[in-house]
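Visitor: Give me coordinates for this.
(chains A and B)
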Number of protein chains: 2
Amino acid sequence: MKPVIEALIDALGEQAVLHGARVAERATSYWDASPTQALAVVKPRTTGEVSKALEICHRHDQPVVTQGGLTGCVQGAVASNEEVIVSLERMNAIESIDPVGGSATVQAGVTLQALQEAAREHDCLFALDLGARGSCTIGGNVATNAGGISVMRYGMMRSQILGLEAVLADGTVMSSMDEVLKNNAGYDLKHLMIGTEGTLGIVTRVVVRLHPLPKSCNTALAALTSFEAVTQLLTDMQRDLAGTLSAYEVMWNSYYHAATEPGGHPSPLGREYPFYVLLQAEGADVERDSLHFEQLLERSLESGVIVDAVIPKSESERHALWEIRENFEAMLAGRTTFLYDVSLPIRAMAGYAEAVRQRIVARWPDARCIQFGHIADGNLHLFIQPESQDADHLASDEAVYAPLLDVGGSVSAEHGIGMEKKAWLARSRSDTEVELMRSLKRAWDPKNLLNPGRVFSL
Amino acid sequence: MKPVIEALIDALGEQAVLHGARVAERATSYWDASPTQALAVVKPRTTGEVSKALEICHRHDQPVVTQGGLTGCVQGAVASNEEVIVSLERMNAIESIDPVGGSATVQAGVTLQALQEAAREHDCLFALDLGARGSCTIGGNVATNAGGISVMRYGMMRSQILGLEAVLADGTVMSSMDEVLKNNAGYDLKHLMIGTEGTLGIVTRVVVRLHPLPKSCNTALAALTSFEAVTQLLTDMQRDLAGTLSAYEVMWNSYYHAATEPGGHPSPLGREYPFYVLLQAEGADVERDSLHFEQLLERSLESGVIVDAVIPKSESERHALWEIRENFEAMLAGRTTFLYDVSLPIRAMAGYAEAVRQRIVARWPDARCIQFGHIADGNLHLFIQPESQDADHLASDEAVYAPLLDVGGSVSAEHGIGMEKKAWLARSRSDTEVELMRSLKRAWDPKNLLNPGRVFSL
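Guide: Residues are numbered from 1 along each chain as shown, chains lettered A, B, ... in the order given. Got it, this is the predicted structure:
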């Protein structure tokens, strides 16, 4: 047994350190059922144990990969046989909730859904929301600065964080567990840590912001005939639902049609419209808000901004609409799929989406180019399905990323860079920016031990 | 003439470099009319000129102090005779506004009010707002991560920034002019720059987020008898004005009474209530929102949460209410005043405010301890007026800051640290945190040339 493993077992106990065959009993990730590769999997229970583990790894020059809920899309948490995994799975306590101050203190291994539910019991909202809510963890949400469906109203994970505690490469504990919205006492170190994908430290505990729990929820699925109409409806609804518009999810026909194929989700509207928007407003007054929401939809129908719409009449109908947008497993089953997550100015989005489609079908005539996204955030997702023996990932990347350059887009809106997009980082960032990122990595992790080689190479 | 000044004149021209007697023609700051002290004042017109100036200063080991609107409260922009001032006053262009994408690109020397007004012309809202709006600049707002009266709804300056460009100590231009809400491509360098008070770079251009311009505005001044009622009203209004509550400014009697003294602002309510709240909601429908707002106020009166209230019936009446909160010049005139800006959990605020008052009057029996703040953000301001020959600033600091320790408070909610609070940084931050701040300063400004000695010493 390697000395670093012996030292970890000595410090944390047998139960906390999986090694040998026990490592391979675990799946690699949510997306990949093959056996985990790693020298060992360490499962600390406290910040102190994370600190001990990193101090030991630092002394042994041992690279470390941090794991949360394993739902990430960019291979950021997949380890090699030379790396030690630190999993936060046993640090899953919700330590406290303060409904008056609007904050909760949680450990990094708590799932997003567990926090959402705990907040709701206190009549509060934890505002981050995304499809992987049942599995993804708060620590992973911080490491990737997660986005999702509520960003237009509440901001990304970064905006939900009041304070955090992290362990640095040498075991130093950086504790900045602020509970208040405003703290300008010196550099705000937590903002450097958020979104750095575990390359600067392991987040162990977080103080998150809670919002008042909305009392009303109004949802509609609308059909539209042009992207201009999509942006017009967004502008109208942002203005007229002032402050209560929580979600505005756009599906190109390519997505909606694929999601509602026979055997898939039932379609409450015709399947041939160019665009579909799933919008949701959450307010304070059930009757008043519902009436207002219906009036606004009627006005949009009368003015021709939307051409058809459906409003769910029950929670199960609402759930069925969201399933169309969130549950796309059937669309992926049995097909080679390349998943993308780009951002770009909304004024350039329609042209960009069409340019990518043309490039893809020029390369693969039978390909499916499925497009959808959080348009208010400038965030577009794409599933590229070449439907061809020659399913070259790099060729697909080139088709998707090359046109982004001209419009100031980013190769990662909310998924991060990890290993998968590392080669494309320079498409979104200048040499100066990447060199400045490296300077920060060198300052805090000079031995390059934390998630080494992820995001960029030193 | 020093060689560094000659080199600056050679590079930028005579017009761009004030030196000698011309420096002393300028006032030190908004708060201090005494002559500016500096080796020279450099007034670049472009990012390229800022870069040239810093490259020259770097070559000559010349310390630099950056100046914006000079309204800062912590002596962060006051230079010495050994330092060169870089003033952004000539970089005051609003370069572009995109109402559909919800963004504006501006130079750092634009005043907050100029940006607010330009956005409004496009039916958009730039959401940061604070009393110094007419003088303070966007660059200064970024450097200090400014707060103000709209933070509860829209967040601090940090939340308004989509992209920024800054010049580093050696003249390197870091350009991260993102236009989109979501960009997780590598470390988010702008968040490291925001709030570092010019110690890591000079911000030259910014892309800010714009929101839809609200159509309705409802304001009230309410009187309350306890801090419990203040927090109850906040909870009720946050819930029932879902997403539209924009401001919730609390004035202790000490503030309100002083502001409405004979010769000061007229008082629309009795002057002896323990607490006053100025609240404002901004929505989409003038008639509907106004009716709803009045109904909520009536309910709060009936339930006893508030004991009296006034709703302005015109813009000038609304302005008069805001003057009570924002125009406190008369309160300060002719009195030695120490200004504080602390944050702490709202549950601890009433006790803290009373503890400080007791400490102050124990030291100075005739003192005025004036308290007010952005309570929803956990942000309390204090004016300490000793009314005594022995107006010892340090004794006042001790009285205000010592009790903060026990409740996890911060010595700076929104004003920053500058020179004035430098000795107190360690009250808000651990040794580890301050050492990590130093490591970042060393990484980006190893010669310690940018705003040296502000925030912390290297």
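Visitor: Can you say which helix or strand has the residue in chain A positioned nearest to chain B in it?
Guide: Closest to chain B within chain A is A:G243: 2.8 Å, counting by C-beta to the nearest C-beta. C-beta coordinates here come from the backbone N, C-alpha and C atoms, glycine included. Under DSSP states H and E, no helix or strand contains A:G243.
Visitor: Where does A:R427 sit, in terms of helix or strand?
Guide: With DSSP H and E as the test, A:R427 turns up in helix A:425-428.
Visitor: hey, where'd the helices end up in the stretch 251-400 of chain A?
Guide: Assigned by DSSP state H, counting those that start in this stretch, the helices in the stretch 251-400 of chain A fall at A:253-259, A:286-302, A:315-326, A:329-332, A:349-363, A:393-406.
Visitor: buried ones in the last one?
Guide: Counting neighbours by 16 or more other C-beta atoms under 10 Å in any protein chain shown, one finds that the buried residues in helix A:393-406 are A:A395, A:S396, A:D397, A:A399, A:V400, A:Y401, A:P403, A:L404.
Visitor: just to revisit the earlier point, right, and the residue of chain A closest to chain B touches B:T244 too?
Guide: Yes: in this structure A:G243 lies within contact range of B:T244 using C-beta atoms under 8 Å: 4.6 Å.
Visitor: Mind listing the shared neighbours of those two?
Guide: When contacts are counted by C-beta atoms under 8 Å, 6 or more residues apart in numbering or on different chains, A:G243 and B:T244 are jointly contacted by B:R153, B:E282, B:G283.
Visitor: so which of the residues you listed comes closest to chain A?
Guide: Nearest to chain A among the shared contacts of A:G243 and B:T244, with distances taken as C-beta to the nearest C-beta, is B:G283, at 4.3 Å.
Visitor: What about that closest one, how many residues nearby?
Guide: 27 (other C-beta atoms under 10 Å in any protein chain shown).
Visitor: Contacts only, for A:S410.
Guide: A:S410 touches A:V342, A:S343, A:L344, A:L404, A:S428, B:D178, B:V180, B:K182, B:N183, B:N184, B:A185, counting by C-beta under 8 Å, 6+ apart.
Visitor: cutoff 6 Å now
Guide: Shown in contact with A:S410 (C-beta atoms under 6 Å, 6 or more residues apart in numbering or on different chains): A:S343, A:S428, B:N183, B:A185.
Visitor: How about A:L449?
Guide: A:L449 neighbours (C-beta under 6 Å, 6+ apart): A:P63, A:V64, A:A169.
Visitor: Just among those, which is most surrounded?
Guide: Top of the contacts of A:L449 by neighbour count (other C-beta under 10 Å): A:V64, with 24 neighbours.
Visitor: Break chain A down into its domains, please.
Guide: As assigned by automatic domain parsing, chain A contains the domains A:3-87, A:94-212, A:216-329, A:335-417.
Visitor: so of those, which one's packed in deepest?
Guide: domain A:94-212 (a mean of 23; mean count of other C-beta atoms under 10 Å in any protein chain shown).
Visitor: What mean pLDDT does that domain get?
Guide: Per-residue pLDDT values across domain A:94-212 average out to 96.
Visitor: And for stretch A:56-69?
Guide: Computed over stretch A:56-69, the average pLDDT equals 98.
Visitor: give the contact list for the residue nearest the centre of chain A.
Guide: Closest residue to the average C-alpha location of chain A: A:A146 at 3.7 Å, with C-alpha atoms, centre = their mean. Going by C-beta under 6 Å, 6+ apart, A:A146 touches A:M157.
Visitor: Would you agree it falls within a helix?
Guide: No: judged by DSSP: H, G, I helix; E, B strand; the rest coil, A:A146 forms no part of a helix; its state is coil.
Visitor: Hmm, A:M331 and A:A258 touching each other?
Guide: Yes: in this structure, A:A258 is within contact of A:M331 by C-beta atoms under 6 Å, at 4.8 Å.
Visitor: Can you tell me which of the shared contacts of A:G243 and B:T244 end up in strands?
Guide: B:E282, B:G283 (DSSP state E).
Visitor: for the buried residues of helix A:393-406, which one is nearest A:R359?
Guide: Using C-beta to C-beta, A:A399 is the member of the buried residues of helix A:393-406 that lies nearest A:R359, at 3.9 Å.
Visitor: quick one: that closest one from A:E387, how far?
Guide: Shown here: A:A399 relative to A:E387, a distance of 14 Å by C-beta to C-beta, to the nearest Å.
Visitor: Repeat that for A:L278.
Guide: 27 Å.
Visitor: And for A:E398?
Guide: A:E398 is 18 Å from A:E387, by C-beta to C-beta.
Visitor: who in the stretch 151-300 of chain A is up against chain B?
Guide: A:174, A:179-189, A:191-192, A:195-196, A:212, A:214, A:231, A:238-240, A:242-244, A:283-284 (C-beta under 6 Å from any C-beta of the partner chain).
Visitor: again, 7 Å this time
Guide: A:151, A:155-156, A:159, A:172, A:174-176, A:179-189, A:191-192, A:195-196, A:212, A:214, A:231, A:235, A:238-244, A:283-284 (C-beta under 7 Å from any C-beta of the partner chain).
Visitor: surely A:H257 meets A:R271?
Guide: Yes: at 5.5 Å, A:H257 counts as touching A:R271 under the criterion of C-beta atoms under 7 Å.
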